[in-house]
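A.B. asks: I need the structure of the sequence given here:
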Amino acid sequence: MRELLRTNDPTVIAFASALLDGEGIASFVLDANISVLEGSIGILPRRLMVAERDHFMAAAVMRDNDLSVTE
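C.D. replies: Now for the predicted structure:
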């Protein structure tokens, strides 16, 4: 797995996941339940992960939709 996106905004994660799903690219959100530890204040970022083989295409999808990609 390789990190594609890191953000504190859950709407960006949802949007990015929907875009990838539409392209047939599987993704996985890490740290999704971290809010239990942080008290739901949103300071810890969530990470969107994709398979190494899909990273190039997933990054292109993110850039085409004006989303920044973790390098």
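A.B. asks: contacts and neighbour counts: CA atoms only from here.
C.D. replies: OK.
A.B. asks: helix or strand next in line after the lowest-mean-pLDDT helix or strand in the chain, which one?
C.D. replies: Scoring the helices and strands of the chain by mean pLDDT, DSSP states H and E places helix 35-38 at the bottom, with a mean of 62. Tracing the chain C-terminally past helix 35-38 and defining elements by DSSP states H and E, one meets strand 46-50 next.
A.B. asks: what pairs with that following strand, parallel or antiparallel?
C.D. replies: Looking at strand 46-50 with DSSP bridges, its partner strands are strand 2-7 (antiparallel), strand 27-30 (antiparallel).
A.B. asks: how about the ones you listed, which one is nearest residue 60?
C.D. replies: strand 2-7 (10.6 Å; Cα to Cα).
A.B. asks: so which of the strands paired with strand 46-50 comes closest to residue 59?
C.D. replies: So among those, strand 2-7 is nearest, using Cα to Cα, at 6.8 Å.
A.B. asks: quick one: contacts for the most centrally placed residue in the chain?
C.D. replies: Nearest to the mean C-alpha position of the chain, by Cα atoms, centre = their mean, lies residue 48 at 2.6 Å. Neighbouring residues of residue 48 by Cα atoms under 8 Å, 6 or more residues apart in numbering: 3-6, 13, 17, 27-30.
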